[in-house]
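J.: structure for this input, please:
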Amino acid sequence: QLQFVESGGGLVHPGGSLRLSCAASGFTLDNYAVGWFRQAPGKEPEGVSCVSMRDGSTYYADSVRGRFTISRDNAKNSVYLQMNNLKPEDTAVYYCARRRLGVWGSGGQGTQVTVSS
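T.: I've put the predicted structure just below:
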């Protein structure tokens, strides 16, 4: 059964850092792209970053480029998101999902990131 488990969220001050983890089970990520998404209260989901598990190519939304870094560990079937210089507008539930045949699937329960002073 396909399953994602996200972790690593928390409460940080503006300018702080967090590292999110996304662990997949039930299938191997090797031939797919995996993306991080976020959804803030009252807002639509937003694509943050994605990585090709095959060749490591990456994409970042303009809002996070230069602050966030996505990485992968194929041996652990996991993807990570290092978030630096966090801003209050980064506050959201973050979740990961797999892209298959050009379509993003469902993510896990997500992990809450709150940036506040």
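J.: quick one, strands of the protein?
T.: Using DSSP state E, the strands of the chain run over residues 3-7, 10-12, 18-25, 33-39, 46-52, 58-60, 68-73, 78-83, 92-100, 103-104, 111-115.
J.: neighbouring strands for the helix or strand of the chain at the bottom of the mean pLDDT ranking, and are they parallel or not?
T.: The least trusted helix or strand in the chain, going by mean pLDDT, DSSP states H and E, turns out to be strand 103-104, with a mean of 93. Sheet partners assigned to strand 103-104 using DSSP bridges are listed as strand 92-100 (antiparallel).
J.: and the partner strand, how far out from the chain middle?
T.: Here the centre of strand 92-100 is set off from its chain's centre by 6 Å, with CA atoms, centre = their mean, to the nearest Å.
J.: hmm, back to that, save the strands of the chain as a markdown table, and put in mean neighbour count too.
T.: Every C-beta, even on glycine, is put in place using the N, C-alpha and C of the backbone. Shown next, in a markdown table, are the strands of the chain (neighbours: other CB atoms under 10 Å):
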| stretch | mean neighbour count |
| --- | --- |
| strand 3-7 | 17 |
| strand 10-12 | 14 |
| strand 18-25 | 20 |
| strand 33-39 | 22 |
| strand 46-52 | 19 |
| strand 58-60 | 15 |
| strand 68-73 | 18 |
| strand 78-83 | 22 |
| strand 92-100 | 21 |
| strand 103-104 | 12 |
| strand 111-115 | 18 |
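J.: tell me what the most centrally placed residue in the chain is bridged to.
T.: Most central in the chain under CA atoms, centre = their mean is residue 36, positioned 2.7 Å from the mean C-alpha point. Beta bridges link residue 36 to residue 49, residue 96 when assigned by DSSP bridges.
J.: give the contact list for it.
T.: 20, 22, 47-50, 70, 79, 81, 94-96 (CB atoms under 8 Å, 6 or more residues apart in numbering).
J.: hmm, 6 Å instead?
T.: Contacts for residue 36 (CB atoms under 6 Å, 6 or more residues apart in numbering) come out as 48-49, 81, 96.
J.: ok, now residue 58?
T.: Residue 58 makes contacts with 51, 70, as judged by CB under 6 Å, 6+ apart.
J.: same thing with residue 14?
T.: 87, 115, 117.
J.: perfect, I'm done here.
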